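Asker: Provided below are the primary sequence and the corresponding predicted coordinates.
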Amino acid sequence: MEQLSLEPIKKVSGSVTLPGSKSLSNRILLLAALCDGVTEVRNLLDSDDIRHMLGALSEMGVQVQLNDDKTIATVNGTGGKLLTPKEPLFLGNAGTAFRPLTAVLAATQGKFTLTGEPRMEERPIGHLVDALAALGADVTYLKNAHYPPLEIAGKKIAGGKVEIDGSISSQFLTALLMAAPLFEGDSEIKIIGELVSKPYIDITLGVMKHFGVIVEHDNYQVFYVKGKQGYQSPGSIMVEGDASSASYFVAAAAIAGGEIEINGVGLSSVQGDIGFAKVMEQVGAQIDWFDEKLVVRKGKLKGVDIDANAIPDAAMTLATVALFAEGKTAIRNIYNWRVKETDRLYAMATELRKVGAEVVEGEDFIEVTPPAEFKLAEIDTYNDHRIAMCFSMVAVGGKAVVINDPGCTAKTFPTYFEVLASISEH
Ligand SMILES: O=C(O)C1=C[C@@H](OP(=O)(O)O)[C@@H](O)[C@H](O)C1
Ligand SMILES: C=C(OP(=O)(O)O)C(=O)O
């Protein structure tokens, strides 16, 4: 196994330009493939999750040209006509590929098998499949009920009234919303259970709007989508920087200072994870806000007690910021950390304890009190990009740390450790 030894960092300063947002990249690629006409996608993320979406689209006959550094894609829309792939579609551990493709392919003529990495087979999809089945879709579990892999016999879906459970993942609603314009008739989608990760629904509605589809809703409880609407190409579309990836640099500047300029997200961001910067202001970071840029400086950091349901990905970064904040930090209402790349509540608690922190792992929360004394630790990363990136904060805080399997950042941020090195002074 590869290991990365990070030496204590004294100061971080300079400027970083964020890679494109994962959530936006995969939504945009899918709708660009479904619409009529050609779409140029700029600042596309080049990472494993996006490669899986691109690979699947290509297997289904969608023509996509990428520029040399794979950040500009020219997508030839198919008007919704996809080919039956010769091989199963392998989607790695990319929730933003697996869930939306499940719903869209259920409403597309053809036969499709969707598979992924072993962990994907442990990530639930039952709430989405239940809703699709209630609409008459033909989706079969190939191994365990409620989990991938899936076989889909795509067919015409009439639409109508349907309920979907929103309490485990917002990606199920996102998937259904993106598929609904392809149905024969209008849909009325009612949420049951408390909808989690709500800001991701705004990302979905925003991208659908760019592609010509307006969704009405009653306070995120009932969504109304007209059927038989083709998506329309916006011609050209720019992917804003990844707000979850921004969290590591916001945190690094807040912990270590100098000053970091983070380009690609700011006041105008459509991503909920920009809210992490607001949380960091509460923690004590000094932040100047611009439309598409943040400038962050060190502050005196103190623990906070927050409900992080709206920012599940960026909130992981707070768990390692907590190592350098005064007092206890509590991150609440994050049950679904347990069903992501790994059981993130267990994994974060285990690895934080290795560096000496005092941790309470609740069913849906984590409390972190900084170490009385830091211990040199080898951090296991559980094939979870965010654990690898979060624990680089230990070095940012001036303590050496070893990151096991640092290459797992390839899921969303292949160059993360190089970018961190470029702003670090030892
Ligand atoms: O829709 C999206 O782009 C995402 C939604 C969130 O998942 P959940 O809705 O499962 O919390 C988030 O954790 C994931 O990284 C991306
Ligand atoms: C939960 C994540 O990914 P996915 O899109 O696979 O759900 C993540 O990136 O933190």
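Answerer: That came through, no problem. Ligands and ions are numbered 1, 2, ... in the order given.
Asker: Just the pLDDT for the nearest residue to residue 108 once chain neighbours are set aside.
Answerer: With Cβ to Cβ, 6 or more residues apart in numbering as the criterion, residue 108 has its nearest non-adjacent residue at 4.3 Å, and that residue is residue 154. In short, each C-beta sits where N, CA and C put it, glycine included. Per-residue confidence (pLDDT) for residue 154: 98.
Asker: residues contacting residue 154?
Answerer: 105, 106, 107, 108, 109, 110, 111, 112, 138 (Cβ atoms under 8 Å, 6 or more residues apart in numbering).
Asker: now, which of these lie within helices?
Answerer: Mapping the contacts of residue 154 onto helices (DSSP state H) picks out 105, 106.
Asker: how near is the residue in the stretch 1-150 of the chain positioned nearest to ligand 1 to residue 133?
Answerer: Ranking the residues of the stretch 1-150 of the chain by distance to ligand 1 (Cβ to the nearest ligand atom) places residue 23 first, at 3.1 Å. Distance from residue 23 to residue 133, counting by Cβ to Cβ, to the nearest Å: 26 Å.
Asker: These two: which is more packed in?
Answerer: Set side by side, residue 23 and residue 133 show more neighbours around residue 23, with 29 against 15, by other Cβ atoms under 10 Å.
Asker: State whether the more buried one is indeed within a helix.
Answerer: Yes. According to DSSP: H, G, I helix; E, B strand; the rest coil, residue 23 belongs to a helix.
Asker: Let me see the ranges of the strands in the stretch 251-400 of the chain.
Answerer: 259-263, 286-289, 293-297, 305-307, 329-332, 358-361, 366-369, 378-379 (DSSP state E, counting those that start in this stretch).
Asker: From the contact counts, what lies against the last one?
Answerer: In terms of contacts (3 or more Cβ pairs under 8 Å, 6 or more residues apart in numbering; DSSP states H and E), strand 378-379 is packed against helix 344-354, helix 385-396, strand 401-404.
Asker: Just give the strands next to that strand in its sheet, each with its orientation.
Answerer: strand 401-404 (parallel) (DSSP bridges).
Asker: Run the chain-centre distance for the strand it pairs with.
Answerer: 23 Å (Cα atoms, centre = their mean, to the nearest Å).
Asker: Centre of the chain to stretch 296-315, how far?
Answerer: Using Cα atoms, centre = their mean, the mean C-alpha position of stretch 296-315 is found 18 Å from that of the whole chain.
Asker: so can I have CSV of the strands of the stretch 251-400 of the chain showing mean neighbour count, distance to ligand 1 and mean pLDDT?
Answerer: Shown next, in CSV, are the strands of the stretch 251-400 of the chain (neighbours: other Cβ atoms under 10 Å; distance: least, Cβ to the nearest ligand atom, whole Å; pLDDT from 0 to 100):
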stretch, mean neighbour count, distance to ligand 1, mean pLDDT
strand 259-263, 20, 19, 98
strand 286-289, 15, 23, 98
strand 293-297, 21, 20, 98
strand 305-307, 16, 14, 98
strand 329-332, 22, 14, 99
strand 358-361, 14, 19, 98
strand 366-369, 22, 16, 99
strand 378-379, 20, 21, 98
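Asker: Can you lay out the ones you listed as JSON lines showing distance to residue 91?
Answerer: Converted to JSON lines, those look like this (distance: least, Cβ to Cβ, whole Å):
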{"stretch": "strand 259-263", "distance to residue 91": "30"}
{"stretch": "strand 286-289", "distance to residue 91": "36"}
{"stretch": "strand 293-297", "distance to residue 91": "32"}
{"stretch": "strand 305-307", "distance to residue 91": "31"}
{"stretch": "strand 329-332", "distance to residue 91": "29"}
{"stretch": "strand 358-361", "distance to residue 91": "30"}
{"stretch": "strand 366-369", "distance to residue 91": "29"}
{"stretch": "strand 378-379", "distance to residue 91": "27"}
